[in-house]
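Asks: need a structure here:
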Amino acid sequence: MSLFAAAEAENRRLAQPLAVRMRPRSLEEFSGQQHFLGEGKLLRRLIQANRLTALLFYGPPGTGKTTLAHLLATETRCRFRQLNAVTSGVKDLREVIDAARDALLAEGSRTLLFIDEIHRFNKAQQDALLPDVEDGTVVLVGATTSNPFFTVNSALVSRSRVFEFEPLGVPEIKDLLARALRDSDRGLGAKTVNLHDDAAQFLATTSDGDARQALSALEIGVLSTDTEPVEFTLELAAESVQRKAVQYDRDGDTHYDSISALIKSIRGSDPDAGIYWLARMLEGGEDVRFLARRLVILASEDIGNADPQSLPLAVATMQACEFVGLPECQLNLAQAVTYLACAPKSNASTLAIGAARHDVREGRTIPVPMHLRDKHYAGAQRLGHGEGYQYAHDAEDGVARQEYLGVKREYYIPVPRGYEAELGERLAHIRSKLRSQSD
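Replies: Residues are numbered from 1 along each chain as shown. Presented below is the predicted three-dimensional model:
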């Protein structure tokens, strides 16, 4: 060991940011993820039984994926090796795996291979892991911020247990801040800091469940204050936090989850939730054309004839977005979202076309009745086409007593809401008259 090893280690420690220094040293210190790490939960049982095989950690930044991988290696007495899929290739992968095999055969020690951003490996690189994962040469722990079911090879996913990390809650972040202020060895305990309650709440809230971001802001505020004790006020907290970057991936999970939340909020008639998810997507840089198209679809899918004005409004919004553009078209989108959310809801048209298409695909093909067939060509009359057809406008109420389908089938069932309630009453009269034609 170098004579300067201790000094070098101390210098390295001092250079580390607070978030790195405060990383948990045991599972008891680890915050969050109790849905799979709590007592009796799956990952805890796997650790206790020392039966780790291949794991995929999936979730937002700052939720403890890397930290937990380190702790797993400690708890199971594995050698820890780390690769980053962005900077590593197959050659690097083979070197680590070969060394892991040698250590297993010579010493009986297993290796936990942690691969950060594993979704950035191409198919060949991911496939190269499979044999050594299957035979136990390495305990694979892959971390990713993207849904592995979309971004990781299905062969690797099928051999792995997937654990989804959730953002830390406000109480958990506040507890980490307090712990950092108490710890004199790794934290800021050497300084006297009075963290105001509203400042702690602000840091815990604006960090969006990212412990690293909250601890970094705390460190900036404390170290940038010359006086002691440090009065860590709400104003100081606000100055220590940069404008947070909205976590949004236009091609990944956040995109699909957010549009799902927007549509379901409007369908559920909650304009406040709808506006929030619209704002979240706009702040994340979502394509306004995509948003407008989805609103046009929703106007027919979830509102339909309960409010026939919804579709023209949605179409007008789509046209306005194309013509006006951002930032002004956010007003058009906001108007559409709030109107559609408050409109009476009906999926009767949606169910009707679904049922009819199912019958077309699965049922007996219904021939067009002879009186409805085209008679505007030479020879049609000799075939009997159009014979007996009754012109609807000749009827007093515009409804002719005749068959239009040939079988007794009702696809459209209006709901008793909005304008569709009135349509339902009219349709009941129409169907009664149409059915009477056979009497």
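
Asks: When you work out contacts or count neighbours from here on, use the C-alpha atoms and nothing else.
Replies: Will do.

Asks: can you map out the helices along the stretch 251-400 of the chain?
Replies: Under the criterion DSSP state H, counting those that start in this stretch, helices of the stretch 251-400 of the chain are mapped to 253-267, 271-283, 288-298, 310-324, 329-342, 348-362.

Asks: With respect to Ser240, which of those lies nearest?
Replies: Ser240 lies closest to helix 271-283 among the helices of the stretch 251-400 of the chain, at 21.7 Å (Cα to Cα).

Asks: Looking at the helices of the stretch 251-400 of the chain, spot the one closest to Phe232.
Replies: With Cα to Cα, the closest approach to Phe232 among those belongs to helix 271-283: 29.5 Å.

Asks: can you give me the angle the closest one makes with helix 329-342?
Replies: 150 degrees (axes from the mean of the first three to the mean of the last three Cα atoms, to 10 degrees).

Asks: where's helix 271-283 relative to the chain centroid, distance-wise?
Replies: Here helix 271-283 is found 15 Å from its chain centre; the criterion is Cα atoms, centre = their mean, to the nearest Å.

Asks: swap in stretch 158-165?
Replies: 16 Å.

Asks: neighbouring contacts of that stretch?
Replies: Contact partners of stretch 158-165, identified using Cα atoms under 8 Å, 6 or more residues apart in numbering, comprise 33, 36, 53-60, 63-65, 134.

Asks: quick one, strands of the stretch 1-150 of the chain?
Replies: All strands of the stretch 1-150 of the chain, identified by DSSP state E, counting those that start in this stretch, fall at 54-58, 79-84, 111-116, 138-144.

Asks: Can you name every helix or strand that the shortest one contacts?
Replies: Packed against strand 54-58 by the contact rule (3 or more Cα pairs under 8 Å, 6 or more residues apart in numbering; DSSP states H and E) you find strand 138-144, strand 161-164.

Asks: Could I get the average pLDDT for that strand?
Replies: For strand 54-58, mean pLDDT rounds to 92.

Asks: Okay, now the sheet partners of it, with direction.
Replies: According to DSSP bridges, strand 54-58 forms sheet pairs with strand 138-144 (parallel), strand 161-164 (parallel).

Asks: quick one, that strand and strand 111-116 angle?
Replies: Angle, strand 54-58 to strand 111-116, by the same axes, to 10 degrees: 30 degrees.

Asks: from the chain's centre, how far out does strand 54-58 sit?
Replies: Using Cα atoms, centre = their mean, the offset of strand 54-58 from its chain centre is 17 Å.

Asks: How about the longest one?
Replies: Distance, stretch centre to chain centre, for strand 138-144: 22 Å (Cα atoms, centre = their mean).

Asks: which parts of it are buried?
Replies: Neighbour-count burial for strand 138-144, with 16 or more other Cα atoms under 10 Å as criterion, is recorded at Val138, Val139, Leu140, Val141, Gly142, Ala143, Thr144.

Asks: again, but for stretch 67-86
Replies: By neighbour count on 16+ other Cα under 10 Å, the buried set for stretch 67-86 is 67-74, 76, 78-85.

Asks: got it, and stretch 307-314?
Replies: Neighbour-count burial for stretch 307-314 [16+ other Cα under 10 Å]: Asp307, Pro308, Ser310, Leu311, Leu313, Ala314.

Asks: Stretch 230-242 too?
Replies: Across stretch 230-242, burial judged by 16+ other Cα under 10 Å covers Val230, Glu231, Phe232, Thr233, Leu234, Leu236, Ala237, Ala238, Ser240, Val241.

Asks: Those residues in helices, which ones?
Replies: Leu234, Leu236, Ala237, Ala238, Ser240 (DSSP state H).

Asks: any idea which of those residues is closest to Leu203?
Replies: Ala237 (6.6 Å).

Asks: Am I right that that closest one is in contact with Asp197?
Replies: No: using Cα atoms under 8 Å, Ala237 is not in contact with Asp197; the gap is 10.9 Å.

Asks: can you list the weak-confidence ranges in the stretch 251-400 of the chain?
Replies: 251-253 (pLDDT under 70).

Asks: ok so, going back, I'd like the strands of the stretch 1-150 of the chain written out as TSV, with distance to Pro327 added.
Replies: Listed next are those as TSV, based on distance: least, Cα to Cα, whole Å:
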stretch	distance to Pro327
strand 54-58	33
strand 79-84	38
strand 111-116	37
strand 138-144	33
